[in-house]
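Trainee: Predicted model, plus sequence, below.
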Amino acid sequence: MTTEKRFEDQVAIVTGAGTGIGYGIAKRLGSEGARIVVVDYDTKVGEQSASELRARGIESRFVAGDVGEEATAEQAVAEAINTWGRLDILVNNAGLGGDTGNIWELPIEEMDRIYRTNLRGVYLFCQKAIPPMLERDYGRIVNIGSIAGKEGNPRMVPYSVTKAGVLALTKSVGKELAKTGIRVNCVAPALIQTKIHDQFTPEQVQYLTDRIPMGRLGDIAEVAAMVAWLASSECSFSTGAVFDISGGRATY
Ligand SMILES: NC(=O)c1ccc[n+]([C@@H]2O[C@H](COP(=O)([O-])OP(=O)(O)OC[C@H]3O[C@@H](n4cnc5c(N)ncnc54)[C@H](O)[C@@H]3O)[C@@H](O)[C@H]2O)c1
């Protein structure tokens, strides 16, 4: 872990930070000085995550709620502003893998469920977080997409389509804000070792692993390191961009 303090005095919202990649990002930003609003709809892991961060000396608050609800985004932004008076960083990380199956086998309700978290959630959090960032003319937004959004994984249509939406949202909003002090970028990971795999069949996990030229899964810390750079003021000439972290899988 780094000893740099790139986020001293800064405040970050990290959605889905109860576990997995989100918790890893919260830990990394916090270790470099950020104060963290943890957002998760799983109250148990969310509270645990915030208290583990505090045990590491990282100031942290927990907001319980579904990212697909407008009220959750409003509450998270209010928590940052009311507690610490500012919002510097938004990491839209909460995401669901969803059921696997061919499009003609999956019910439309599954598409709607995955859309609500993976794309509507990112839209709502950007909508609510950008105005306070504009007031200070500074902000860093990092959206967690997926290589699935570039390539389209078979038997994962809701996931692939909503992640493609996250990539496009990043490009659009990045351009909308390009003349301001706010940068909006996105990461596109291949398979990273987390509990999201419980949502996939073993065959699906094998298929996704076989497509990584490095022949291994990514680590949460590797994603957190890239997100930390994108969330920092060092990321100044990149916006509306997609950053691959895929062990060589991404080819465009
Ligand atoms: N793990 C991978 O292989 C991988 C690869 C590419 C992209 N991603 C993306 O990275 C992000 C994090 O994935 P992960 O592997 O850490 O997942 P995970 O399942 O381990 O953790 C996701 C966290 O988000 C929370 N969450 C889910 N839906 C929510 C909602 N609607 N509202 C609030 N909280 C919600 C969960 O409770 C959980 O704490 C996701 O967007 C995922 O699509 C993961």
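Mentor: Yes, it's here.

Trainee: Check the secondary structure at C186 for me.
Mentor: C186 falls in the strand class when you classify it by DSSP: H, G, I helix; E, B strand; the rest coil.

Trainee: In contact with it, which residues?
Mentor: C186 makes contact with V142, N143, I144, G145, V166, L167, T170, A241, V242, F243, according to Cβ atoms under 8 Å, 6 or more residues apart in numbering. All C-beta atoms are positioned from the backbone trio N, CA, C, and that covers glycine.

Trainee: neighbours around the residue found closest to it once you drop the neighbours it is linked to in the chain, how many?
Mentor: By the measure of Cβ to Cβ, 6 or more residues apart in numbering, the closest residue to C186 outside its immediate chain neighbours is T170, 3.8 Å from it. Counted with other Cβ atoms under 10 Å, residues neighbouring T170 total 26.

Trainee: do the same with Y138
Mentor: Counted with other Cβ under 10 Å, the burial measure for Y138 works out to 17 neighbours.

Trainee: Against S232, how distant is it?
Mentor: Here the criterion is Cβ to Cβ, to the nearest Å. By it, Y138 lies 12 Å from S232.

Trainee: and what of V161?
Mentor: With the distance defined as Cβ to Cβ, V161 ends up 31 Å from S232.

Trainee: Same question for L191.
Mentor: 26 Å.

Trainee: out of those two, which sits in the busier spot?
Mentor: Under the criterion of other Cβ under 10 Å, the comparison of L191 against S232 puts L191 first, with 25 against 20.

Trainee: hmm, back to that, which SS state does the residue nearest to C186 fall under?
Mentor: Classification of T170 into helix, strand or coil gives helix, according to three-state DSSP.

Trainee: give the contact list for it.
Mentor: Taking Cβ under 8 Å, 6+ apart as the criterion, T170 is in contact with N143, G145, V184, N185, C186, G240, A241, V242.

Trainee: sorry, back to before: out of the contacts of C186, who's near the ligand?
Mentor: By Cβ under 6 Å from any ligand atom, the members of the contacts of C186 lying near the ligand are I144.

Trainee: Just the contacts of C186: which are in strands?
Mentor: Secondary-structure check on the contacts of C186 using DSSP state E: residues within strands are V142, N143, I144, A241, V242, F243.

Trainee: Which two among these are spaced furthest apart?
Mentor: Looking at those by Cβ to Cβ, the two members farthest from one another are I144 and A241, with 14.0 Å of separation.

Trainee: Neighbour count for these two, which is higher?
Mentor: For the pair I144 and A241, the greater number of neighbours falls to I144 (26 against 17), based on other Cβ under 10 Å.

Trainee: dump the residue contacts of that one.
Mentor: Here I144 is in contact with I21, V91, N92, N93, G95, V166, C186, V187, P189, V223, V227 (criterion: Cβ under 8 Å, 6+ apart).

Trainee: for E151, same thing?
Mentor: Under the criterion of Cβ under 8 Å, 6+ apart, the contact list for E151 reads S160.

Trainee: Distance-wise, check it relative to I108.
Mentor: E151 is 23 Å from I108, by Cβ to Cβ.

Trainee: From the ligand, how far off is the residue nearest to C186?
Mentor: Distance, T170 to the ligand, by Cβ to the nearest ligand atom, to the nearest Å: 13 Å.

Trainee: ok so E109 is a helix residue?
Mentor: Yes: note on E109: a helix contains this position according to three-state DSSP.

Trainee: Per-residue pLDDT of it, please?
Mentor: According to the model's per-residue confidence, E109 sits at a pLDDT of 98.
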